[in-house]
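> Turn this into a structure:
(chains A and B)
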Amino acid sequence: MNNDSQSRQDQVRVRFAPSPTGYLHLGGARTALYNWLWARKTGGVFLLRIEDTDTERSTQESLQEILDGLTWLGLDWDEGPSLQTENVPRHVEAAEKLLKSGHAYRCFCTKEELESQRAAAVENKVAFMYDGRCRNLSDGEVQEKLALGMPYVVRFGVPRDPSFSVAFEDAVYGRVEKKGQDIEDFVILRSDGRPLYILSNAVDDASDRITHVIRGADGIANTPKQVLVYRALGITPPTFAHMPLTLDNKKAKLSKRKHGEVVTIAYYRSHGFIPWALCNFLALLGWSSADGKEFFTREELVEAFDLQRINRSNSIFNYVPGDAKNWTDPKAIHFNATYIRTMPLEELVPYVEEELKAEGLWQDSYAADERDWFFKTLDLIRARFHTLKDFSTRGRCYFSDAYEFEEKAVKKNLSDPILGDLLPELADRLEALPQFVHDPIEDVFRSYADRKGVKAGLLINAVRTAVSGTSVGPGLFEMLETLGKGRVVSRLRGIGDRLTPAKLENEEAVTG
RNA sequence: GGUCCCAUCGUCUAGAGGCCUAGGACACCGCCCUCUCACGGCGGAGACACCGGUUCGAAACCGGUUGGGACUGCCA
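Have a look, this model is predicted:
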């Protein structure tokens, strides 16, 4: 019992706190992942808090997409999602407390005044920082302005002792210290009374009893301000762990506006990624395991993950626009392909089922009478696939007779005129086989090639293209066995009109 | 402009002063395997940004330079 309450007190509590103003993107997912990993590793709690205080930009669709994305990735949360807007009264209360304790003050400067000051500073290339003029207003002056109904914001009054500085120990970056004189008297409450991020975030982290704030390094700059808020409120700040940012190949921030859908999680879902493959890839952007291992099951990654092994330098998401083969970071594709190729079949099957259903290629028998055939087929074809999409595109010929013929493949493998005579005869011989399995099929090909004085390769490649439409794929004899006698024979017999340009012309002449 | 952070192959990274003529992964190239394409195996090319200092010894520590990034909102 005692132990329980003790451990509850020490229990790690982390959160993912996105603002629902856009899509769940790679950076956000990685932040969520690191938090989730830390919670799972420590037996802690992972909570989800939606920071929707920017009411102008927050949308329901965005929130839904974030939730869907996290669910798809398998990053389950233990508490929430809570909405930050519901906590606004608590934030305002904190601001009032700070006002009373003298840590904050009312500032009556208008936006316009500040903006012109800022513009002038930029023009003169000098640092702009609010000069704190309202800080020295007497009680009488404040009352007077309030009586006049003048709008005001609430600013945090940073101690102005020249020797004052704030410091915190970052779990990734080490000690971070900032001089008080380099910190502006920042706004914590807008003139309409709504709280701002620095305040809300700190107050919510405190009331959510967050122990570790794991977030992007872009948050490091305002962490000293938040530490100031915590202290003024008499709260012990959480441990901060800032993770390096992920940038594009020009070292610019990843954004949907600039890079398009490729930075959104939804894109990977719709383009045939295994969710865990994406997580595994993302984990390695800014973190590495001590033993150099790269592929992890969830359990293994939870076990191996450690805040201390998070990098300090930004990483680059190696996406090159316009590269058809590498439509996203090549290493991400490699991870996905490796998962597809090596994961337990029973785990892969549901993903493929979903894909085939979406493309109208699914048969209920695949889960019943033909289950064994289905598993065997997936096992045969998955080795060459990069995404789940490949099962419905490149793998189409295994599930449907309506597969495409690649022009290049037809030209390469079906252009020899002799095939017009060979293929139908070969079909007859295959049809006559009592056992339509690998070795007998191969015997038919080899002996028929011998008899006709052609290379077996000619027949093999021609048949591959005839039954699948492409020039690449698994070993032909296993492929034919999987396809089954009926399909193979009918496809070979139906191939006539695709055979040679000469033959095509003849047929046209006859018809015309 | 100011404050802060970062700096190893094209990319992700290992590296806590001698284990480094710098290791792994992806991508690339070659060879092998082979009915094609993958997989796999073997091999190749490919990096410590620069300059100083500390030290017997520096990729590692210190300083500077350069480069990059973050922040600099009554956004989050």
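
> Strands of chain A, residue ranges please.
Counting by DSSP state E, residue ranges of the strands within chain A are A:13-16, A:45-50, A:79-83, A:104-107, A:153-156, A:165-170, A:174-179, A:187-189, A:212-216, A:239-243, A:246-247, A:315-316.

> quick one: the second one near RNA strand B?
Which is strand A:45-50. No: Strand A:45-50 lies apart from RNA strand B when judged by CB under 7 Å from any atom of the strand; the minimum separation is 8.6 Å. C-betas here are computed from N, CA, C, even on glycine.

> Just want the angle from that strand to strand A:79-83.
With axes from the mean of the first three to the mean of the last three CA atoms, to 10 degrees applied, the angle from strand A:45-50 to strand A:79-83 works out at 20 degrees.

> what ranges of the stretch 401-512 of chain A fall below the confidence cut-off?
Within the stretch 401-512 of chain A, the stretches falling below the threshold (pLDDT under 70) are A:497-512.

> For it, which residues are neighbours of RNA strand B?
The stretch 401-512 of chain A comes close to RNA strand B at residues A:456-457, A:460-461, A:464, A:471-478, as judged by CB under 7 Å from any atom of the strand.

> dump the residue contacts of the closest residue to A:Arg133 other than its chain neighbours.
If you skip the residues right next to it in sequence, A:Arg133 has A:Cys109 as its closest partner in space, 7.0 Å away by CB to CB, 6 or more residues apart in numbering. Contact criterion CB atoms under 8 Å, 6 or more residues apart in numbering gives A:Tyr130, A:Arg133, A:Cys134 as the residues in contact with A:Cys109.

> for the spatially closest residue to A:Leu67 that is not a sequence neighbour, what are its contacts?
Once its chain neighbours are removed from consideration, A:Leu67 has its nearest residue in A:Pro81; the separation is 6.8 Å (CB to CB, 6+ apart). A:Pro81 makes contact with A:Leu48, A:Arg49, A:Ile50, A:Leu63, A:Leu67 under the criterion CB under 8 Å, 6+ apart.

> By proximity to RNA strand B, which residue of the stretch 351-500 of chain A wins?
A:Gly475 (2.9 Å; CB to the nearest atom of the strand).

> Next, that residue: phi, psi?
phi -50, psi 140 (degrees, to the nearest 10).

> what's the neighbour count on it?
Neighbourhood size, A:Gly475 [other CB atoms under 10 Å]: 13.

> do you know how far the closest residue to A:Ile441 other than its chain neighbours is from A:Ala409?
Using CB to CB, 6+ apart and skipping residues adjacent in sequence, the residue nearest A:Ile441 is A:Phe477, 4.9 Å away. With distances taken as CB to CB, to the nearest Å, A:Phe477 is found 19 Å from A:Ala409.

> How about the residues of the stretch 151-300 of chain A by RNA strand B?
Proximity of the stretch 151-300 of chain A to RNA strand B is assessed by CB under 7 Å from any atom of the strand, with A:151, A:153, A:173-174, A:176, A:178-179, A:182, A:184, A:187, A:190-192, A:194, A:196-198, A:201, A:217-222, A:244-245, A:247, A:249, A:251-253, A:284-288, A:290, A:292, A:294 identified as the residues in range.

> before we move on, the earlier item: specify which member of the residues of the stretch 401-512 of chain A next to RNA strand B is nearest to A:Leu361.
The closest of these to A:Leu361 turns out to be A:Gly473 (CB to CB; 17.1 Å).

> Can you get me a residue count around the closest one?
Close neighbours of A:Gly473, defined as other CB under 10 Å, add up to 20.

> Look up phi and psi at it.
In terms of degrees, to the nearest 10, the main-chain angles of A:Gly473 are phi 160, psi -170.

> that older thread, distance of the residue of the stretch 351-500 of chain A closest to RNA strand B relative to A:Leu380?
If you go by CB to CB, the gap between A:Gly475 and A:Leu380 works out to 9 Å.

> For A:Ser62, give me its contacts.
A:Ser62 makes contact with A:Pro20, A:Thr21, A:Gly22, A:Tyr23 under the criterion CB under 8 Å, 6+ apart.

> How about the spatially closest residue to the last one that is not a sequence neighbour: which residues does it bridge to?
In this case it means A:Tyr23. Sequence neighbours aside, A:Thr264 is the residue nearest to A:Tyr23 in space, at 4.4 Å (criterion: CB to CB, 6+ apart). In this structure, A:Thr264 has beta-bridge partners A:His25, where bridges are defined by DSSP bridges.

> ok, now which ones touch A:Thr264?
A:Tyr23, A:Leu24, A:His25, A:Leu26, A:Lys256.

> okay, the residues you listed in TSV with pLDDT next?
Converted to TSV, the contacts of A:Thr264 look like this (pLDDT from 0 to 100):
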residue	pLDDT
A:Tyr23	91
A:Leu24	95
A:His25	95
A:Leu26	96
A:Lys256	86
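
> quick one on the thing from earlier: measure the residue nearest to A:Ile441 to A:Lys452 for me?
Distance, A:Phe477 to A:Lys452, using CB to CB: 18 Å.

> More neighbours: those two, which one.
Each of A:Phe477 and A:Lys452 had its neighbours counted (other CB under 10 Å), and the higher figure belongs to A:Phe477 (19 against 15).

> Phi first, then psi, for A:Gly395.
Listed backbone geometry of A:Gly395 is phi -100, psi 10, with angles given as degrees, to the nearest 10.

> Contacts only, for A:Leu37.
With contact set as CB under 8 Å, 6+ apart, A:Leu37 has these partners: A:Ala283, A:Leu301, A:Val302, A:Phe305.

> Report how many residues lie close to A:Glu93.
Applying other CB under 10 Å, we find 13 residues neighbouring A:Glu93.

> How about the one 4 residues further on?
For A:Lys97, the number of neighbouring residues by other CB under 10 Å comes to 14.

> one step back: of all the contacts of A:Leu37, which comes closest to A:Pro350?
For A:Pro350, the closest of the contacts of A:Leu37 turns out to be A:Leu301, at 21.2 Å, with distances computed as CB to CB.

> can you pull the pLDDT of the closest residue to that closest one other than its chain neighbours?
In space, and not counting its chain neighbours, A:Leu301 is closest to A:Ala283: 6.0 Å by CB to CB, 6+ apart. Looking at A:Ala283, its pLDDT reads 97.

> Could you list which of the contacts of A:Cys109 also contact RNA strand B?
Applying CB under 7 Å from any atom of the strand, the subset of the contacts of A:Cys109 adjacent to RNA strand B comprises A:Tyr130.

> Buried only: go through the contacts of A:Cys109 for me.
For those, a burial check counting by 16 or more other CB atoms under 10 Å picks out A:Tyr130, A:Cys134.

> okay, the contacts of A:Cys109 in JSON lines with distance to A:Glu144 next?
Compiled in JSON lines, those are given as follows (distance: CB to CB, whole Å):
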{"residue": "A:Tyr130", "distance to A:Glu144": "21"}
{"residue": "A:Arg133", "distance to A:Glu144": "16"}
{"residue": "A:Cys134", "distance to A:Glu144": "13"}
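
> From the contacts of A:Cys109, pick the one nearest A:Ile418.
Proximity of those to A:Ile418 was ranked by CB to CB; the top entry is A:Tyr130 with 86.2 Å.

> wait, doesn't the closest one sit right on A:Asp185?
Yes: under the contact definition of CB atoms under 8 Å, A:Tyr130 touches A:Asp185, with a separation of 5.5 Å.

> give me every residue that touches A:Thr42.
By CB under 8 Å, 6+ apart, the contact set of A:Thr42 is A:Gln11, A:Val12.

> Fine by me, we can end here.
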